[in-house]
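**Student:** Model the following, please.
(chains A and B)
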There are 2 protein chains.
Amino acid sequence: MSIYVKMKLFNSDNGEVLAMQFSIQKDYLKQAVQEVMYAVSNKPAHPILSGIKLTADANGVTLTGSDSNIVIQRIIPAIADEKVVVQIYKEGSAVIPGKYFSEIVKKLPSDMFIEANGDFHITVQAEDIITTMNGYNPDEYPVLPQMDKSSTVSLPGEELAEMVKQTAFAVAKTDSRPILSGVHISVQGGELSLAATNGQRLALRKAMVEAGWKNGCIVPGKTLLDLAKLLQHSNPVKMAVSENYILFQSDSLLLLSRLIEGNYPNIGNLFPKESKSVIVSNRKDLLLGVDRASLFASEWRHNTISLAVKNGSQLKIYSKSTAVGKIEEIQTIELLDGEEELEIMLDGRYLLEALKAIREEKVVLSFHGSIRPVMVQPFGDDKHLHLISPVRM
Amino acid sequence: MSIYVKMKLFNSDNGEVLAMQFSIQKDYLKQAVQEVMYAVSNKPAHPILSGIKLTADANGVTLTGSDSNIVIQRIIPAIADEKVVVQIYKEGSAVIPGKYFSEIVKKLPSDMFIEANGDFHITVQAEDIITTMNGYNPDEYPVLPQMDKSSTVSLPGEELAEMVKQTAFAVAKTDSRPILSGVHISVQGGELSLAATNGQRLALRKAMVEAGWKNGCIVPGKTLLDLAKLLQHSNPVKMAVSENYILFQSDSLLLLSRLIEGNYPNIGNLFPKESKSVIVSNRKDLLLGVDRASLFASEWRHNTISLAVKNGSQLKIYSKSTAVGKIEEIQTIELLDGEEELEIMLDGRYLLEALKAIREEKVVLSFHGSIRPVMVQPFGDDKHLHLISPVRM
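**Tutor:** This next block holds a predicted model:
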């Protein structure tokens, strides 16, 4: 970057003390600002938390965003992708208004020159465009809680992101039981397990890991979905847990989340033992059929659709609205083991979301009678399952 | 289409009287349903207006959607793009629930077979998927008002769509003066003119046409924006006006809109006569600069930004928020005629929308003093202009 000309505009010839000064490539800054903004609340508990803390030091530029429940930190190293992306002229830090900073970084046409003076007025310049913002004193920004990293679990970022996407959607959306708004994360016998339930349906995903902690913890579902968006790469992520926090850390990212207090319900006894009938279907066909059948299901409190196995070879999917009409379709079952005739009613949205969380071509549906949950699994994978309680009429 | 097999399921062997029966290609139906749904209200004045009227006759299949202010009709001819897209087995009509019909048409995998029985129960079938909906008696559907088509204005659909997009955004969004929520359409001296204003800014676009009506009329801005979406082709559109309605008609589309009653203000005397200074700028650079400057303008009631001409060659664009900060940038003026120093404050959103409505590379800004409107025009085109009142501090 050629920033010599800009330097002249901003150097401290006038005797003013600079708190921080660096130049940075637009694309890297834009991406990092977007990511830490996940942690910045629209209604911060304290004004300074509406800001992003910028720290320029030997590591490069570190951005921190937080509210009372979550901290996200991103490091932009001086050299990335074999290019110089940051040049530090004065190490230091400042807190810049987050919303305005993120908007202007998107709208500026080119690489930026950023400096803070002793009063934490922050100037962002690109070409002939000069923006000045009133910042905050970084000494007043909350410090990160200390975490014991002696006992961690590590796995590839993409894999953790996928586990989150396959479970976190199933948490409770209402506030009546705060514990169920979180995902239960535990490690046992070398197996990391993520589980979420709202009482009517449950999603569970396991993966082999080395070592781990003893106890489980409950992490807000929304926080994990944000994490999943930040982990679109294969770099390893380390997880560490303390009494009140969970830490996720990769080479350039740190996410720290407050835990939800309380005891997660024992989900072990929810899994039905003996199935009456098991079928294998094409996942995509079933998904499209359930989506169509949901058309007339919204009249019901539970978005009720019916699944019926016929003659051991056909699956009838249907829904009915007395006022508007009905829809039914017949799909061919690929394999069946057990009873050849059965019928069950369930919430079409729950079945749809379970089928969307599965990536495999074929799914296994296990039926355990009209009042016990239906189990949905990818064919040939016992580390991933969904339970959906039937709707009783 | 091979629909012989489906026919067998539906023929009237059981002695039932059919009200209508046809098969139709999915893509054509989907597109047409989407278009007529613009006219179907979520809260219809009468239940039957929640439906789409289907008519199968020698012309093909005609779909009609309407509420009390607008009617949209689309004809799907039997043969389109040199393919057979509709096959009629029984001419007739029926009214089908619009929202459900449009959703199921999107979700069905293939071409459809549609029939209505004597009770107006309508069946839509694709492959092994059968949907039945309770329809309405088409005899109860409102008939279209008769229009005198002896005096019409005609122009290419794309051109009318463009004229609408360049003006209708400028109508008043509040209900305080209903007349200003409409676009004034008039023809005078072989010139078709569309004008819209909310009292603070005005957009005007003219085009040469043959013949025309005597008087102007006021058409709801929202209706015209819907029309613009439906006119993405070069086929000619005819316009005819009656006391209460305006009709837009092309070969496959009909849109009829109720007019807004009242006298449109005389906009002729709004245009400033003598400019103090005229500048020519690059439209895109100016647009991006105004967008950036608007960042700190939202603190003000009018989204106030400042434009200042400096030394006859520079344009300074800036905004300031006492609480957060300020932004300023300098752009080079390409041409200037008149005073070399001036400054004006105006609503950044209005300037942004005017610049977005212009497609040309260069724009002309004319200044007429700090309390008279700024005029924005494409360079070298006097058939298109925008006026923006300054903000007084």
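
**Student:** CA only for contacts and neighbour counts going forward, please
**Tutor:** OK.

**Student:** which residues in the stretch 1-150 of chain A form strands?
**Tutor:** Listed in chain order, the strands of the stretch 1-150 of chain A (DSSP state E, counting those that start in this stretch) span A:18-24, A:51-57, A:60-66, A:70-76, A:79-80, A:83-84, A:86-90, A:92-97, A:112-117, A:121-126, A:129-134.

**Student:** Equivalent analysis for the stretch 151-300 of chain A, please.
**Tutor:** A:153-156, A:182-188, A:191-197, A:201-208, A:217-220, A:236-241, A:245-249, A:253-258, A:277-282.

**Student:** Now render those as CSV, adding mean neighbour count and mean pLDDT.
**Tutor:** Shown next, in CSV, are the strands of the stretch 151-300 of chain A (neighbours: other CA atoms under 10 Å in any protein chain shown; pLDDT from 0 to 100):
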stretch, mean neighbour count, mean pLDDT
strand A:153-156, 18, 93
strand A:182-188, 23, 94
strand A:191-197, 24, 96
strand A:201-208, 21, 96
strand A:217-220, 24, 96
strand A:236-241, 21, 94
strand A:245-249, 20, 96
strand A:253-258, 22, 96
strand A:277-282, 20, 97
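
**Student:** Could you export these as JSON lines, including distance to B:N269?
**Tutor:** Listed next are the strands of the stretch 151-300 of chain A as JSON lines, based on distance: least, CA to CA, whole Å:
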{"stretch": "strand A:153-156", "distance to B:N269": "69"}
{"stretch": "strand A:182-188", "distance to B:N269": "64"}
{"stretch": "strand A:191-197", "distance to B:N269": "67"}
{"stretch": "strand A:201-208", "distance to B:N269": "67"}
{"stretch": "strand A:217-220", "distance to B:N269": "62"}
{"stretch": "strand A:236-241", "distance to B:N269": "68"}
{"stretch": "strand A:245-249", "distance to B:N269": "66"}
{"stretch": "strand A:253-258", "distance to B:N269": "61"}
{"stretch": "strand A:277-282", "distance to B:N269": "69"}
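
**Student:** between those, which gets nearest to chain B?
**Tutor:** strand A:277-282 (15.6 Å; CA to the nearest CA).

**Student:** Please name every helix or strand in contact with that closest one.
**Tutor:** Applying 3 or more CA pairs under 8 Å, 6 or more residues apart in numbering or on different chains; DSSP states H and E, one finds that strand A:277-282 contacts strand A:335-338, strand A:362-367.

**Student:** Direction included, what does the first one pair against?
**Tutor:** Within its sheet, and counting by DSSP bridges, strand A:335-338 is paired with strand A:277-282 (antiparallel).

**Student:** Just the helices from the stretch 251-393 of chain A, written as ranges.
**Tutor:** A:283-293, A:348-357 (DSSP state H, counting those that start in this stretch).

**Student:** So which of the ones you listed is nearest A:H368?
**Tutor:** With CA to CA, the closest approach to A:H368 among these belongs to helix A:348-357: 15.9 Å.

**Student:** Next, count neighbours for A:E103.
**Tutor:** 15 (other CA atoms under 10 Å in any protein chain shown).

**Student:** do the same with A:D119
**Tutor:** Neighbours of A:D119 using other CA under 10 Å come to 15.

**Student:** Please give me every residue in contact with the closest residue to A:D175 other than its chain neighbours.
**Tutor:** Spatial nearest neighbour of A:D175, chain neighbours left out: A:S181 (7.4 Å); criterion: CA to CA, 6 or more residues apart in numbering or on different chains. Taking CA atoms under 8 Å, 6 or more residues apart in numbering or on different chains, we find A:S181 in contact with A:V171, A:A172, A:K173, A:T174, A:D175, A:N198, A:P220, A:G221.

**Student:** ditto for A:V61
**Tutor:** A:L54, A:T55, A:I75, A:I76, A:P77, A:A78, A:V86.

**Student:** do the same with A:L286
**Tutor:** A:Q331.

**Student:** and if you look at A:M239?
**Tutor:** A:T152, A:V153, A:S154, A:I246, A:L247, A:F248, A:Q249.

**Student:** which residues touch the residue lying closest to it once chain neighbours are set aside?
**Tutor:** Excluding the flanking residues, the one nearest A:M239 by CA to CA, 6+ apart is A:F248, at 4.7 Å. By CA under 8 Å, 6+ apart, the contact list for A:F248 reads A:V237, A:K238, A:M239, A:A240, A:L254, A:L255, A:L256.

**Student:** is A:F248 in a bridge, and if so with what?
**Tutor:** The partner residues for A:F248, given DSSP bridges, come to A:M239, A:L255.

**Student:** For it, give its distance to A:S66.
**Tutor:** 14 Å (CA to CA, to the nearest Å).

**Student:** Worst mean pLDDT across the helices and strands of chain A, which element?
**Tutor:** In chain A, the helix or strand scored least confidently by mean pLDDT, DSSP states H and E is helix A:4-10, which has a mean of 44.
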